[in-house]
Structure formats: structure tokens, C-alpha cells
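Asks: Provide a 3D model corresponding to the input given below.
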Amino acid sequence: MEIAEERINIKQALKDYFGFDNFKDNQESIIQSILKGNDTFVLMPTGGGKSLCYQLPAILSKGSAIVISPLIALMKNQVDQMRAYSQNPNIAHFLNSSLTKAQIRKVKEDLISGETKMLYVAPETLTKEENLEFFKGLNVSFVAIDEAHCISEWGHDFRPEYRRIRLMVDFIGTNIPLIALTATATPKVKSDIVKNLGLKTPNIYVSSFNRTNLYYEIRNKSNDSDTKKSIVQFIKTKPGKSGIIYVLSRKSAEEIAQTLVVNGIKAAPYHAGLDPAVRAKTQDDFLMEETDVIVATIAFGMGIDKPDVRFVIHFNIPKSIENYYQETGRAGRDGLEGICITYFNYKDIEKMEKFIRNKEVAKREMGSQLLHEMVAYGETGSCRRQFLLHYFGESYDTSQCNKMCDNCRNPKAKIDVKDDVLTALEVIKELNEKHQIKHIVGVITGEKNRDIIAFSHDKTKFFGKGKAKEKHHWTSVIQNALVQNLIRKDIEQYGILKMTEAGHSFLKNPKPFEISLNHIFEINENGSSEDSGRSAILDPQLYELLKDLRKKVAKEKGVPPYIIFQDPSLEDMAANYPVTTEELSNISGVSKGKAIRYGQKFVKLIEQYVEDNDIDRPVDFTIKSIANKSAAKISIIQNIDRQIPLEDIANQKGLKFEDLLKEIETIVFSGTKINLNYYINDVLDEEQQEIIFDYFMEAENDKLDEAFKELKDEGISYEEIQLMRIKFFSEMAN
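Replies: Okay, here's the model as predicted:
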């Protein structure tokens, strides 16, 4: 590689080309390494300034640098950024499938003329023979491989085409220097990158992974509705601030973005299902501060140079710590506030495990191990920063955390587990260091599962030695021993536990070992996770007052109490203290119409109760919801309006008749008024309708089984009662 000038002051060049006075961390050494023609490996966290490490030497070198990048959005952002810095609009180009033939011709002309110093390409672009032949005729100064972790099967975003890069570079020319850059790589991934790219005696630069300005927090995700409410409440405390919310599905991206918008937050969804032009506009709006919050699948944010993202929220737990670290790393890149909140739920983990099971064996094992590491991070009761840095091979003194994670800000009580650590180490050693955490814990707690019996480990002297303590206790002990480097995981063998020198020393000379036990996330009846001890607290005194008021209002209106508000709605009121009809309309089972029709006395009672008892209400309770009507439900309503027979609607939707009635019930119970008289009048005469109507007027509840038991002697079917209950609710409650 030739340098543009024999002697150059790269610090002055930094000022001239980028306007910065000083380099960050080891940027200067990295740039010197590239300018000298050395293969170079750079492991630098998001926000550390990786791009500059190849951009400045590309400008200073003769010829053009090829930058391999995985995403079109990333390329566009980097090219726009370089053009903004330079007076030469052709200093950087990208070459990918989004360009027209005329645009491709222009790019190639600028490369041949020497105007272009950086060409961004996807690895797929390199595979095309015509492109390789063209590059072969260029003066290529060096090749930069961005997001180099994509080359490793142990990385979090493995892409097979990345493994062919060395072959393609060799075709373009001999002795072309390579620089590989990544923000997330474990020691195993780092060695994979160096080996697969065939880096020749590379200079290796590893920066600290500690982003001191980022605050890490894990929150319980009880259910999607409460989580959306929690997110809106949080964002309302950061008005006008930029943030990213990561989700797993396109549907979630759309729904959460809509929820934010109706609550006065400038938000937009971003996912692969959107038109490319819409995605590009969304990204530009975010960069230009026309949009404050992006709700995105994981495709968003890679390489986006926005320094003032103030929060990153994960609606679903990520599939690996690498994913988590890279995505949270998009917060606070300017060194100022960066809040990282993740919602933890075992149902989300189960979904990802099912997805992993469909993969081939090797990928399934790797994916499962990466996910389990993420779960361990979520559950840990110790410093999260220490856990993260240990994962990336960096030690950390927890006293330096400065309460920048939830566990250090609200520490759990510590206990000395010296004897338990000894037991765990002895078992690992006794079993020849050939098993994973789950197996070791099973042996200690005396679990007779298939693997333990197959290895005859139920016959060892340690079997059941720790059965007096729960599995989560032993998992906490072993995970803390890992973080303290008494043991290590052998990545090559899918996470089996190995002793370290420090572990052998501990066996010979045990010392006090204090830990905080892991968080316990329990499964509630709905299958969602709840951190023990955390739940909405119902105010029993208020609940009884609300029941009395409901009875009084029902008597005044001449309707059964359950028509006014059902018990779950009263419970929700007694937990959240709504004091306006708008707040009341966000209570479970209360439509806007019902809140206006019946709610005034209830909110007055609650407001007086709150004042009399000096109660602190939940902050920013008023969270508006988006209309929860799917396309199928809207179609059902439209068909009923057109008086289509219900049997025909059921056939059209591929539903059983009873399932259609349940769908209609859901619509009516959510507050929508519909008219089924055209159908009911054909199946029930006026007298039968009156009998059922009178029953529901007098009944204590609206249970169908009780109604059928009472009315079956009248020759009325269960479905006919269900139809009349729909009519009753539609007319009396909505």
C-alpha cells in the first residue's frame, strides 16, 4: 500500500478532514498500523470510533479502500457522513443492488479517476465475477471488513458469505492489507476472525468494553399490555429525547409504534416488511430529529452514527449477549446519558428456544448456549456490568460501577457461600470437567434425570449433597464462580465447565465468597414471568367502596351490577386509582363509552379516596391504547352491519359457529355496539327473547352455564342464550 505523502502528521490530518483535535483511545495506533501496510484487528465497542480507523487512512493512502459492510442502510449512512466532511462529493460511494445501471457506471468512473477513496460493498457484491474483475484493475489501498464478527459461527450474526472474503481479496490482488473491525467479540470469535481472514501477523487492538455512561436494568415483563404502559410512562419522563425500542416481530413494531403515537410521542416502526423507501425515510427522520423513537426489529441501528440516543429498550430479551451489547451500545455514544432497559419474560425465551430447535444440530447447540448466557445475565443478582465485561474477557472491579446498573443501585442482601463454592468445584473436578452448569446442579441437588443416570453420576459421593438448597441457589453459586474466574466455560465444547488456576487455589485455600442470589422470575397463571415480590397491589378498602358504589349505580340504572363494571375492572381501579374518565377508559374491560356512561361517580369516589388517604398514584397513569380490532374483527362487524347470516360469516372466516360467537362476544365486551336482531329474530320468538333478557336482568352474574341450567327447561339452547347475552350487553352496557 502506498501512502499519499511520505511524511504526514496524522493528528493534523484528523483536524483537517474531520475537525477533531484528538484521537480517542487507540485510534492513532490503529491508523498508523494500516498506513504501514500491516494486517490489523480492531475490537472496539460501539461508540468508540471504529469507522474513523479506516476512513482517515483511506483518505491518506493512494488508491481506493474497499469497505465490506453487511447492510445497505449502514453503507448509505457512512457515505453520507463522509461526503458531509469532504468538499469532494465523490470521496465515498457504495456499490449494491439498490443502484441503477447509470449509478453503477458513475461509481466505477469515479473509482477509475481516483476521486473515490472509499467504496462500500456488501460481501455478496464481491462474489460477482464482473465486480471482481473490475476491482482487480483498481489500485486497492486496503480492504476493511466492518462487523467482522459476522465471519464466525460463534458470533451473534453469522453470515456464510463473510467466510469467502479472504478468497475474494486474494483474487483482487496480492499483499492487500486487511483491517477487521467489530464491536462485539468473545475471545473465541476474535480467534475465529483472525484465522478465517488469514491475517498475517496482525496488530491486534482491543479496547475496554466498559461504557461507563450506560445504565443497565432488567424489568419484569408481566404481560404485553402492562409492558407497553411501562414503556410509555418511561418515555414520558424523557420528552423529546431520542430512543430505540427493539422487538422480535414486525407486528410488535407496528403496534408499539402506534401506541406511542396516540400517546403524543413521535415514533415510527422499522422492519424488513416495509417498503425500502419508507425505511430510508424513517431512518433519515430519526437522524434529523423529526422522529424521536424508532420501534425496530434487530435490523435497525447497525452503524447508524447518531450520538444522542438517550435510551435503548428491549421489549423482548435478545437472543445473545453480543446482540444485547451491540444494541444497547447505540445509546449515549456521545458519552452522555444512556439508559438501557430490558423486559424479561420466560415466554419470550421459550419462543426463541422453539425457533432454535428447528436449526441443524451444531447451530442449535450454539444458539442454545448463547441464549442461556443471556438468561443468566437477566437473572443475575450481581453487578450486570461485571457480568457483561467478564463475558468479553475483561475483568472489572464492581466498586467502580457507581450504581450504574439496577443490581448495584438496589443491591440484594449478600450471603457467604464459601462452602457451596467448594462443593461445586469439587463436583466439577470429580466429574472430570466434562459437563455444563445444568448437569452439575442436577448432581448436587440429587436430580435423577436421564443424563445423570446414564453417566452413573447418581452413584457418586456428591450426588444430592446440596439437595437442602434449591437449584437457583446452586446456579447462582456457579455463575458467580464463573465471573470470579474460579472456573471457565469451554466454548469449543458447548459450555462445559473447566477449572482455572484460581479455582484450584481456592480448593487448597478457601476464602469467604459473598454473592447476591439470582432473581427468581416466577410463572403466573397466564404464563408470564413475575419477579417474586413484584405485583400490582390491590387496595382492599377502595375495592369494597367501589363494589358498594357499583351496586348503588346499578339500582339507579335498573341493571345488574356486572353490567356497570365487572369484578376485574373494579380490581384494576383499586390498584391504579384512575381519577378522570380518560384514565378510567384505560382500565381493563372499560370502553370509552362505558367510562362516559357510568364512570363519573367512580372517578369522583377514587379522587376523594386518594386525597383523604394521601395516596401516591402510579406516575403518568393515563396511557391511551390503540384500537384493538384486527382486520378479521372489522370484517365481522362489517358483515353483521350488512346482515349476513352468521353461519355464512363463520364459513367465510373458516371458523366454527361457536368460535364466531366468541369473536363477536370479544367485540361487544370491548365496548362496540352491534345489532344482531336480524339473526336473533329468525331463531328466537319474542317471548323466548324476553325470558332470556329478564333472566340476565335479575341474575347475579352473566355466566352462560348457570343461565343454561336455569333456562334449558324452556327449550332454549346454549347458543341461543349466548346470542341473547351478546344482545343484552350490546344494548345495556355499550
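Asks: May I see the buried residues of stretch 182-201?
Replies: Within stretch 182-201, the residues that count as buried by 16 or more other C-beta atoms under 10 Å are 182-186, 188-190, 192-194, 196-197, 199. Every C-beta, even on glycine, is put in place using the N, C-alpha and C of the backbone.
Asks: Point me to the helix or strand that includes residue 215.
Replies: strand 214-220 (DSSP states H and E).
Asks: State the next helix or strand along the chain beyond the worst-scoring helix or strand of the chain on mean pLDDT.
Replies: Least confident helix or strand of the chain, by mean pLDDT, DSSP states H and E, is strand 529-531 with a mean of 48. Moving toward the C-terminus from strand 529-531, the next helix or strand (DSSP H and E) is helix 540-557.
Asks: for that following helix, what is the average pLDDT?
Replies: Taken as a whole, helix 540-557 has a mean pLDDT of 91.
Asks: Could you tell me the angle between the helix or strand just after the strand holding residue 215 and strand 214-220?
Replies: Scanning forward in sequence from strand 214-220 by DSSP H and E, the next helix or strand is helix 224-236. For helix 224-236 and strand 214-220, the angle between their directions (axes from the mean of the first three to the mean of the last three C-alpha atoms, to 10 degrees) works out to 150 degrees.
Asks: Flag every buried residue along helix 224-236.
Replies: Buried, per 16+ other C-beta under 10 Å, within helix 224-236: 224, 227-235.
Asks: which other residues reach the strand holding residue 215?
Replies: 230, 328-329, 331-332, 337-345, 378, 384-385, 388, 404-406, 519, 521, 529-531, 534 (C-beta atoms under 8 Å, 6 or more residues apart in numbering).
Asks: Show the buried residues in the residues you listed.
Replies: Applying 16+ other C-beta under 10 Å to the contacts of strand 214-220, the neighbour count classes 230, 328-329, 331-332, 337-345, 378, 384-385, 388, 404-406, 519, 521, 529-531 as buried.
Asks: Narrow the contacts of strand 214-220 to those in helices?
Replies: 230, 328, 378, 384-385, 388, 406 (DSSP state H).
Asks: okay if I get these as a markdown table plus distance to residue 397?
Replies: Formatted as a markdown table, the ones in helices among the contacts of strand 214-220 follow (distance: C-beta to C-beta, whole Å):
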| residue | distance to residue 397 |
| --- | --- |
| 230 | 32 |
| 328 | 21 |
| 378 | 23 |
| 384 | 14 |
| 385 | 10 |
| 388 | 14 |
| 406 | 19 |
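Asks: nearest to residue 59, of these?
Replies: Of all the ones in helices among the contacts of strand 214-220, residue 328 has the smallest distance to residue 59: 31.2 Å, by C-beta to C-beta.
Asks: distance of the closest residue to that closest one other than its chain neighbours from residue 213?
Replies: Leaving aside its sequence neighbours, residue 328 sits nearest to residue 340 (C-beta to C-beta, 6 or more residues apart in numbering; 4.1 Å). Here the criterion is C-beta to C-beta, to the nearest Å. By it, residue 340 lies 11 Å from residue 213.
Asks: ok, now residue 716?
Replies: Distance from residue 716 to residue 213, counting by C-beta to C-beta: 68 Å.
Asks: could you pull out the helices for the stretch 401-550 of the chain?
Replies: Secondary structure of the stretch 401-550 of the chain (DSSP state H, counting those that start in this stretch): helices located at 406-409, 418-430, 437-445, 450-454, 471-483, 501-508, 540-557.
Asks: Now distance to residue 82 too, for these, in CSV please.
Replies: Below are those laid out as CSV (distance: least, C-beta to C-beta, whole Å):
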stretch, distance to residue 82
helix 406-409, 39
helix 418-430, 52
helix 437-445, 47
helix 450-454, 55
helix 471-483, 41
helix 501-508, 47
helix 540-557, 61
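Asks: Which members of the buried residues of helix 224-236 are the farthest-apart pair?
Replies: Pairwise distances across the buried residues of helix 224-236 peak at 16.4 Å for 224 and 235 (criterion: C-beta to C-beta).
Asks: Run through the residues that contact residue 428.
Replies: For residue 428, the contact set (C-beta under 8 Å, 6+ apart) comprises 435, 440, 487, 497-499.
Asks: for residue 23, same thing?
Replies: Contacts for residue 23 (C-beta under 8 Å, 6+ apart) come out as 11, 14, 31.
Asks: The first one belongs to a strand, doesn't it?
Replies: No - according to DSSP: H, G, I helix; E, B strand; the rest coil, the state of residue 11 is helix, so it is not within a strand.
Asks: Verify the stated contact: it with residue 28.
Replies: Yes - the pair residue 11 and residue 28 qualifies as a contact (C-beta atoms under 8 Å) at a distance of 7.3 Å.
Asks: starting at the chain centroid, how far to the host helix or strand of residue 310?
Replies: Using DSSP H and E, the element containing residue 310 is strand 309-314. Chain-centre distance of strand 309-314: 10 Å, with C-alpha atoms, centre = their mean, to the nearest Å.
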